[in-house]
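[1] heads up, no residue letters with this:
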């Protein structure tokens with residue numbers, strides 16, 4: 001799994017302190033302000049650098065369990081402040097953390113291994129994720145974090161919104177709401193230089209056209225979704241909010257641990273059989289977690305915190321997804337795509353188990369040791385199957401930063 005990372009991911013208070021110091025250094029150029037509050041009353045902060053009307057918005061922390069974005073955002077803000085050319089005719093705006101409540105619950109700032117990462121794991125339900133809530137909730141029930149984010153987009157009207165995401169184990173890829181010509185080549189070059197595999201068959205982008213390896217363009221509304229059971233359709237997320245002002249969104253994903261198995265473009269010899277096998281394993285793993293949950297639930301005395309809600313939500317997604325997989329082995333299915341589905345199929349029950357384990361440990365429940373053994377076994381199997389290797393944090397940040405800067409340049413060329 002690789003040695004302990006030398007650096008760690010910053011907490012939200014540390015990001016705010018960095019941004020405040022940056023704004024204090026150049027008060028004529030930088031401003032830090034509060035643009036909303038979370039459900040629990042935590043402030044949402046926006047750091048702005050430059051005053052040009054043409055704007056780039058960078059969003060970190062939309063998913064609590066994807067911590068690289070905070071580090072990248074901090075590095076980008078420094079870079080933009082130092083490099084006058086990046087600010088010529090463009091202002092940069094950084095939403096420090098879109099979900100500070102979620103960030104406070106995911107507690108693995110320096111994960112030594114996949115097990116270490118999962119022992120502090122948290123990822124909220126779809127309805128509680130700021131970017132995804134519009135795809136699952138009516139407009140009058142959107143959480144305040146979502147309203148703050150769309151309010152910032154309404155105010156800035158960015159020609160480009162970049163949202164910084166990450167995966168625990170796999171490769172790097174980009175999702176675009178409109179194509180950005182000229183992005184794919186420098187993206188691939190950066191990944192190769194930093195020994196980060198490009199995830200060519202990301203299951204997140206199943207069925208989307210690619211403008212280059214690992215660069216996926218979201219299909220229009222006329223196209224059906226690849227996994228009909230999944231409640232969240234990207235086309236109803238906040239990613240599309242920038243379109244009302246002629247802008248677009250780029251989602252930049254980087255891995256914490258890399259796997260060289262996710263960029264194999266060779267055709268899979270028996271995709272339908274592979275998808276059936278992965279579907280069956282997904283259901284089997286989920287049932288193991290559900291049995292422990294059903295046994296422990298009467299002892300948990302009506303507990304309904306965010307960890308338990310999120311664990312149950314993840315488990316509820318699984319039957320429909322397993323059914324989808326049996327019916328979605330498209331022609332031309334690659335080894336990389338089946339590998340990405342394999343990783344996703346391991347990830348979902350593991351995350352549910354990890355969050356439930358935190359609940360059981362907190363309650364000192366007698367089922368906790370059994371679940372801990374399951375989480376440990378699954379983490380080891382995941383790491384071994386995909387030959388996981390740690391990507392140094394500075395490489396995660398550098399690749400994500402480069403991709404943002406190229407996307408901003410190319411999208412601007414396209415818009416002008």
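    Sure thing, it's come through. In this text, all values refer to a predicted model and were calculated from it rather than measured experimentally.
[2] and the helices in the chain?
    Counting by DSSP state H, the chain has helices at residues 12-25, 68-82, 84-87, 100-105, 114-119, 133-136, 144-156, 184-193, 271-296, 306-326, 335-362, 368-385, 393-415.
[3] local confidence estimate at the residue nearest to the spatial centre of the chain?
    The C-alpha lying nearest the average C-alpha coordinate of the chain belongs to residue 165 (Cα atoms, centre = their mean; 3.6 Å). Residue 165 is assigned 98 on the pLDDT scale.
[4] contacts only, for it.
    Residue 165 makes contact with 62, 63, 66, 69, 251, 252, 253, 254 under the criterion Cβ atoms under 8 Å, 6 or more residues apart in numbering. Quick note: C-beta positions are derived from backbone N, CA and C, even for glycine.
[5] by neighbours, which of those wins?
    Neighbour count (other Cβ atoms under 10 Å) singles out residue 69 as the most crowded of the contacts of residue 165, with 32 neighbours.
[6] surely that residue touches residue 131?
    No: taking Cβ atoms under 8 Å as the definition, residue 69 is not a contact partner of residue 131, at 11.9 Å.
[7] between the two, which contacts overlap?
    Shared contacts of residue 69 and residue 131, defined by Cβ under 8 Å, 6+ apart, comprise 59, 62, 163.
[8] now the last one: closest residue in space that isn't a chain neighbour?
    I take that to be residue 163. Of all residues not flanking residue 163 in the chain, residue 59 sits nearest, at 4.4 Å (Cβ to Cβ, 6 or more residues apart in numbering).
[9] hey, what's that neighbour bridged with?
    Going by DSSP bridges, residue 59 is paired in beta bridges with residue 95, residue 163.
[10] that one against residue 160, yeah?
    No: using Cβ under 8 Å as the test, residue 59 is too far from residue 160 to be in contact (11.3 Å).
[11] pull the number of nearby residues for the residue lying closest to residue 208 once chain neighbours are set aside.
    Nearest in space to residue 208, with sequence neighbours left out and distances taken as Cβ to Cβ, 6+ apart, is residue 216 at 4.3 Å. Per other Cβ under 10 Å, the neighbour tally for residue 216 reads 25.
[12] which ones are touching residue 216?
    173, 174, 175, 176, 202, 205, 208, 209, 210.
[13] wait, the third one sits on residue 250?
    When you say that, I think you mean residue 175. Yes: the pair residue 175 / residue 250 is scored as a contact, 7.4 Å apart, by Cβ under 8 Å.
[14] these two: which is more packed in?
    Shown here are residue 175 and residue 250; by other Cβ under 10 Å, residue 250 has more neighbours (27 against 22).
[15] still on that earlier bit, looking at the contacts of residue 165, which is nearest residue 90?
    Residue 90 has its nearest neighbour among these in residue 252, at 17.8 Å by Cβ to Cβ.
[16] for that closest one, give its distance to residue 243.
    Look at residue 252 and residue 243: by Cβ to Cβ, to the nearest Å, they are 18 Å apart.
[17] and for residue 341?
    For residue 341 relative to residue 243 (Cβ to Cβ), the value is 29 Å.
[18] more neighbours: these two, which one.
    residue 341 (25 against 15).
[19] against residue 210, how distant is the more buried one?
    Relative to residue 210, and taking Cβ to Cβ, residue 341 is found at 17 Å.
[20] now residue 177
    14 Å.
[21] more neighbours: which of those two?
    It is residue 177, of residue 177 and residue 210, that has more neighbours when counted by other Cβ under 10 Å, with 21 against 17.
[22] verify the contact between that one and residue 243 for me.
    Yes: Residue 177 is in contact with residue 243 according to Cβ under 8 Å; the separation is 6.6 Å.
[23] picking up where we left off before, reformat the helices of the chain as JSON lines; add distance to residue 261 and mean pLDDT.
    Output for the helices of the chain, formatted as JSON lines (distance: least, Cβ to Cβ, whole Å; pLDDT from 0 to 100):
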{"stretch": "helix 12-25", "distance to residue 261": "33", "mean pLDDT": "96"}
{"stretch": "helix 68-82", "distance to residue 261": "21", "mean pLDDT": "97"}
{"stretch": "helix 84-87", "distance to residue 261": "36", "mean pLDDT": "96"}
{"stretch": "helix 100-105", "distance to residue 261": "29", "mean pLDDT": "97"}
{"stretch": "helix 114-119", "distance to residue 261": "15", "mean pLDDT": "96"}
{"stretch": "helix 133-136", "distance to residue 261": "30", "mean pLDDT": "89"}
{"stretch": "helix 144-156", "distance to residue 261": "34", "mean pLDDT": "98"}
{"stretch": "helix 184-193", "distance to residue 261": "15", "mean pLDDT": "98"}
{"stretch": "helix 271-296", "distance to residue 261": "13", "mean pLDDT": "96"}
{"stretch": "helix 306-326", "distance to residue 261": "18", "mean pLDDT": "94"}
{"stretch": "helix 335-362", "distance to residue 261": "5", "mean pLDDT": "95"}
{"stretch": "helix 368-385", "distance to residue 261": "8", "mean pLDDT": "98"}
{"stretch": "helix 393-415", "distance to residue 261": "19", "mean pLDDT": "95"}
